[in-house]
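Engineer: Here is my input, please return the structure:
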Amino acid sequence: MKNSKFAKIIVLTAVISAISLFSLITAGAKVADIDGDSSISIGDVTQIQKVIAGLIAPSETFYDIADVNEDGNVNITDVTYIQKYIAGLLSDEPATEPSSEPVPTEIIYPSTLSLNKTSITLGTGEEFTLTAYCDIENYRCSFMSENPSVATVTDNGVISAVGTGTSEIICSTENGLTASCIVTVMPMATSITLNKSSLTLGTGEQFDLDSTVNSGAAAYYRYYYSDNPEIVSVEKEGGLATAKSSGTATISCVMNNGITAKCVITVKPMATSITLNKSSLTLGTGEQFDLDSTINSGAAAYHRYFYSDDPYIASVEKEGGLVTAKSSGTATISCIMNNGIAAKCVITVKPMATSITLNKSSLTLKVGEKFDLDSSVNSRAAAYYRYFYSDDPYIASVEKGGGLVTAKSLGTTTISCVMNNGIAAKCKVTVSGSAVKCIDISTWQGNDVDFNKVKASGIDYVILRAGYGKETYQKDDTFEINYKKAKEAGMKVGAYWFSYAMTPSEASKEADACLYCIKGKQFDLPVYYDMEYAPAITQLNKTTYTNMASSFCNKIKKSGYKAGVYASASVFGYPLDYDTIADSYSVWNAEWNDNYTVSCDIWQYTDKGKVNGIYGDVDLSYIYNLNIVG
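Structural biologist: Predicted structure coming up:
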């Protein structure tokens with residue numbers, strides 16, 4: 001055995017007496033059979049080493065048998081004598097004279113022993129090589145598996161995972177030193193995922209790809225490869241990807257069984273500028289704000305870390321930018337890229353507000369009108385978050401973060417402005433009347449309506465006649481041009497179909513004709529069924545006439561449009577069943593008076609309207625329910 005430069009070679013300087021040797025070996029042969037197989041072998045040595053190392057408990061007769069030199073102790077000296085005997089370094093025959101053979105060199109044993117792994121998890125079929133480290137160069141240790149059905153090990157320390165479970169691999173030296181590795185074997189993984197499936201980096205940036213396998217499985221070996229290392233390189237055994245140059249590369253993580261996960265990495269030039277969504281901000285103590293960063297166009301910077309110059313006043317999440325106001329004062333939050341370029345936001349923290357008021361405590365609006373509610377808090381305090389809510393958005397909606405109220409339909413509701421601490425201010429909003437005008441036109445207005453002038457006059461809504469009757473050729477000859485011009489002018493558009501039906505079956509056919517003519521069109525307002533055909537009104541009963549309306553409207557709704565019924569106030573009384581219609585469809589009431597008597601979404605109040613951009617008279621309506629729009 002070749003010793004290290006630190007090992008000391010000791011040469012025996014005296015000849016061991018033949019009688020002493022004979023006595024020792026005779027005793028050893030007689031009493032050193034530890035495992036009871038009637039022979040002295042390395043198995044007996046291993047048993048003694050395990051007892052000395054505390055790995056197993058000694059038997060009752062152990063010390064009598066293993067104390068070869070009868071000095072009252074079982075130690076490495078006894079092990080050495082037995083090993084020399086097995087190696088043939090000692091003779092079992094008596095000698096009458098001192099030996100004239102050369103004195104053998106004393107064997108030097110290691111004093112330290114360790115392994116490259118103390119525990120490891122493998123998938124079935126995987127292998128791993130344990131490496132032993134000691135203070136003697138090239139020293140050859142022994143390896144043993146306590147559970148070979150789980151993991152076997154070769155003389156060279158190669159572990160093979162053969163079955164699920166746990167086994168201890170023991171490495172030992174001749175002089176009784178031991179080191180062990182706990183091996184856990186699980187089923188070999190059948191799937192693998194990465195912590196990113198796609199990623200954009202700036203040149204020079206790095207990202208640590210991490211892999212996970214299916215639950216209850218294992219895969220020790222997961223090697224990483226790049227299909228274009230000039231763009232993105234990756235550490236084979238670690239997954240650390242480095243962006244090298246602009247372009248795209250795919251990183252693959254492969255297990256021993258060939259199953260793979262991939263991440264597509266896009267590399268762009270490293271960003272040269274960065275900005276935050278706020279450059280200054282005032283918060284009340286306890287409030288939070290999420291700082292967000294943007295970089296110059298066409299560049300990338302995956303890593304953007306946030307820091308506070310005074311975390312006692314305002315702390316920030318390093319990788320998220322979430323700021324928390326801690327105490328009164330001022331702190332600067334910086335967002336820094338890998339290249340050192342930074343953006344800053346000055347945070348002023350004040351005591352959290354204890355009271356809030358609105359610029360209106362009550363408000364009356366018409367449908368379509370808006371009002372901007374504004375809030376103020378008590379002096380020398382702050383409340384960045386003041387969120388607005390409506391008790392009934394159907395009547396009046398409000399922008400959550402801004403306070404802009406929009407009257408949607410008739411009625412009364414309450415708008416509340418609430419701070420993070422729950423303190424609120426309220427405003428009662430009453431919606432009465434309408435400020436939203438709507439026109440309806442057909443071929444009778446010609447094909448030269450100037451919709452830009454119409455919109456400029458304050459009218460944003462138009463309902464176009466799509467056609468009439470049950471035949472597709474009965475499409476209104478101005479529908480297409482009016483639809484195109486109205487949309488180009490930015491107006492919100494609806495449609496209506498004039499009915500000549502006398503039965504629900506004919507009404508269904510009229511729905512088919514209408515759908516054919518409006519195919520591909522996008523409407524903001526419902527598609528209305530115009531039920532003002534005199535013979536039907538005077539000759540049909542309520543059930544038949546109401547069923548006609550339902551037959552038409554149901555087909556329209558099934559095709560993805562909103563549906564409604566147009567009729568005069570008297571027709572909604574009879575023969576139409578108003579409640580049935582109003583419960584399911586929009587109501588457009590024609591009542592040419594100063595006031596309406598039938599509750600409706602749209603009130604057509606005149607047929608003699610004058611609008612800039614339209615030659616002659618035109619029907620005018622008020623919209624009383626903006627919830628039908630959209």
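
Engineer: which residues of the stretch 451-600 of the chain fall in strands?
Structural biologist: 461-468, 492-498, 527-530, 563-568, 586-590 (DSSP state E, counting those that start in this stretch).

Engineer: distance of residue 400 from residue 299?
Structural biologist: 33 Å (CB to CB, to the nearest Å). Every residue, glycine included, has its C-beta placed from N, CA and C.

Engineer: quick one, which of the two is more surrounded?
Structural biologist: More crowded of residue 400 and residue 299, by other CB atoms under 10 Å: residue 299, with 17 against 12.

Engineer: Run through the residues that contact the residue nearest to the more buried one when sequence neighbours are not counted.
Structural biologist: Counting by CB to CB, 6 or more residues apart in numbering, residue 299 lies nearest to residue 271, which is 4.0 Å off, once chain neighbours are set aside. Residues near residue 271 by CB atoms under 8 Å, 6 or more residues apart in numbering: 202, 295-296, 299-301, 337, 339, 341.

Engineer: List buried residues within those.
Structural biologist: Listed as buried from these are 202, 295, 299-301, 337, 339, 341; burial here means 16 or more other CB atoms under 10 Å.

Engineer: is it possible to export these to TSV including distance to residue 567?
Structural biologist: What follows is those, written out as TSV (distance: CB to CB, whole Å):
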residue	distance to residue 567
202	65
295	60
299	62
300	61
301	63
337	66
339	70
341	68
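
Engineer: which of those residues lies closest to residue 415?
Structural biologist: residue 295 (38.9 Å; CB to CB).

Engineer: Any chance you could list what contacts the top helix by length along the chain?
Structural biologist: Secondary structure of the chain per DSSP state H: the longest helix is helix 542-558. Residues outside helix 542-558 that contact it (CB under 8 Å, 6+ apart) are 497, 499, 501, 503-508, 510-512, 514-515, 527, 529, 531, 536-537, 540, 562-565, 574-577, 580-581, 584-585.

Engineer: need the helices for the stretch 1-150 of the chain, in chain order.
Structural biologist: With DSSP state H, counting those that start in this stretch as the criterion, the stretch 1-150 of the chain has helices at 18-31, 42-53, 62-66, 76-87.

Engineer: what two of the buried ones among the contacts of residue 271 are the furthest from one another?
Structural biologist: Top of the distance list for the buried ones among the contacts of residue 271 (CB to CB): 300 and 341, 12.9 Å.

Engineer: Which one of the helices of the stretch 1-150 of the chain has the poorest average confidence?
Structural biologist: Of all the helices of the stretch 1-150 of the chain, mean pLDDT reaches its minimum on helix 18-31 (a mean of 39).

Engineer: what's the nearest residue to residue 501 if we skip its chain neighbours?
Structural biologist: The spatial neighbour of residue 501 that comes closest, neighbours along the chain excluded (CB to CB, 6+ apart), is residue 507 at 4.3 Å.

Engineer: Burial check on that neighbour, number of neighbours?
Structural biologist: Residues near residue 507, counting by other CB under 10 Å: 27.

Engineer: With mean neighbour count and distance to residue 253 as added columns, please give the strands of the stretch 451-600 of the chain in TSV.
Structural biologist: Supplementary listing: the strands of the stretch 451-600 of the chain in TSV, determined by neighbours: other CB atoms under 10 Å; distance: least, CB to CB, whole Å:
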stretch	mean neighbour count	distance to residue 253
strand 461-468	25	58
strand 492-498	23	53
strand 527-530	26	55
strand 563-568	25	55
strand 586-590	25	57
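
Engineer: remind me which residues of the chain are low pLDDT?
Structural biologist: By pLDDT under 70, the low-scoring segments of the chain are 1-32, 54, 60, 87-105.

Engineer: Look through it and tell me its longest strand.
Structural biologist: Determined from DSSP state E, the single longest strand within the chain is strand 424-434.

Engineer: What strands line up against that strand, and which way round?
Structural biologist: strand 362-367 (parallel), strand 411-419 (antiparallel) (DSSP bridges).

Engineer: May I see the buried residues of the last one?
Structural biologist: I take that to be strand 411-419. Neighbour-count burial for strand 411-419 [16+ other CB under 10 Å]: 413, 415, 417-419.

Engineer: got it, and the first one?
Structural biologist: Using 16+ other CB under 10 Å as the test for burial, strand 362-367 gives 363, 365, 367.

Engineer: cool, and stretch 58-75?
Structural biologist: 58, 62, 65-68, 74.

Engineer: Need the max-distance pair from those.
Structural biologist: Greatest spacing in these, by CB to CB: 58 and 68 (14.9 Å).

Engineer: Distance-wise, check residue 347 relative to residue 84.
Structural biologist: Taken as CB to CB, the span from residue 347 to residue 84 is 79 Å.

Engineer: neighbour-wise, which of the two wins?
Structural biologist: A count of neighbours by other CB under 10 Å puts residue 347 above the other of residue 347 and residue 84, at 25 against 17.

Engineer: show me what contacts the more buried one?
Structural biologist: 280-283, 289, 313-314, 323, 325, 330-333.

Engineer: One more: residue 117?
Structural biologist: 128, 130, 181 are the contacts of residue 117 under CB under 8 Å, 6+ apart.

Engineer: again with residue 44
Structural biologist: Per CB under 8 Å, 6+ apart, neighbours of residue 44: 32-35, 82.

Engineer: How about residue 109?
Structural biologist: So residue 109 contacts 76, 136, 173-175, 177 (CB under 8 Å, 6+ apart).

Engineer: re earlier: which of the contacts of residue 117 lies closest to residue 110?
Structural biologist: Comparing those against residue 110 with CB to CB places residue 130 closest, at 16.0 Å.

Engineer: My guess is that closest one contacts residue 169. True?
Structural biologist: Yes: using CB atoms under 8 Å, residue 130 makes contact with residue 169 at a distance of 6.3 Å.

Engineer: any shared contact partners between these two?
Structural biologist: 143, 153, 159, 181.

Engineer: of the buried residues of stretch 58-75, closest to residue 222?
Structural biologist: Using CB to CB, the buried residues of stretch 58-75 come closest to residue 222 at residue 58, 44.3 Å.

Engineer: hmm, back to that, dump the contacts of residue 44 to JSON lines, plus distance to residue 548 and neighbour count.
Structural biologist: Formatted as JSON lines, the contacts of residue 44 follow (distance: CB to CB, whole Å; neighbours: other CB atoms under 10 Å):
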{"residue": "32", "distance to residue 548": "112", "neighbour count": "21"}
{"residue": "33", "distance to residue 548": "110", "neighbour count": "16"}
{"residue": "34", "distance to residue 548": "106", "neighbour count": "22"}
{"residue": "35", "distance to residue 548": "103", "neighbour count": "12"}
{"residue": "82", "distance to residue 548": "111", "neighbour count": "24"}
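
Engineer: Which members of these are positioned in strands?
Structural biologist: Going by DSSP E, the strands hold none of these.

Engineer: which one of those is nearest residue 191?
Structural biologist: Distances from residue 191 to the contacts of residue 44, taken by CB to CB, are shortest for residue 35, at 46.9 Å.

Engineer: Quickly note the distance from the closest one to residue 64.
Structural biologist: 15 Å.

Engineer: Okay then, goodbye and thanks.
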